[in-house]
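Q: model the structure of this input:
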Amino acid sequence: MTRRHPVRTGTEPVTARSALGLRAVLSAVFLPIFTAATAGFAVWAAHQGPGDNPGNGPLTVLAVACGVLALAAVADLLVVTARRRRSEHAGGKPRR
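A: I've put the predicted structure just below:
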């Protein structure tokens, strides 16, 4: 027989739950913001001249950082959606 949940080692309550609704809202709000920022910084970096300030390097770093944050928001939305579906499929009350 295998255990579905790891043995509790901390002092968290037995009924502790993640705030899936809040995570979904935050990810849904920040995904378009980080996506737009990625595109904006990438276009800005592409139109930089040799002596322009800020240079091409810092703008590229900002575009990559915003892109990584957008990917993290997408991954979190996928995880939250999967957990909600699993909870509803198991007959549990859907979490908000």
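
Q: what ranges does this structure have for its helices?
A: Remark: helices assigned in the chain by DSSP state H are 20-46, 56-89.

Q: per-residue pLDDT of the closest residue to A42 other than its chain neighbours, please?
A: Counting by C-beta to C-beta, 6 or more residues apart in numbering, the nearest residue to A42 once its immediate chain neighbours are dropped is A63, at 4.4 Å. To be clear about C-beta, it is placed using only N, CA and C from the backbone, and glycine gets the same treatment. Residue-level confidence at A63 comes out at 98, pLDDT.

Q: what sits against A63?
A: Neighbour list for A63: 37-38, 41-42, 45 [criterion: C-beta atoms under 8 Å, 6 or more residues apart in numbering].

Q: if we take these, which one ends up nearest to V68?
A: Nearest to V68 among those, counting by C-beta to C-beta, is T38 at 9.0 Å.

Q: quickly note the distance from the closest one to V79.
A: From T38 over to V79 the distance is 21 Å, taken as C-beta to C-beta, to the nearest Å.

Q: again, but for G40
A: Taking C-beta to C-beta as the measure, G40 and V79 are separated by 27 Å.

Q: do F34 as well
A: With distances taken as C-beta to C-beta, F34 is found 17 Å from V79.

Q: give me the pLDDT for the residue sitting nearest the centre point of the chain.
A: Computing the C-alpha centroid of the chain and ranking residues by C-alpha atoms, centre = their mean puts A73 first, at 2.0 Å. With respect to pLDDT, A73 scores 97.

Q: good, we can wrap up now.
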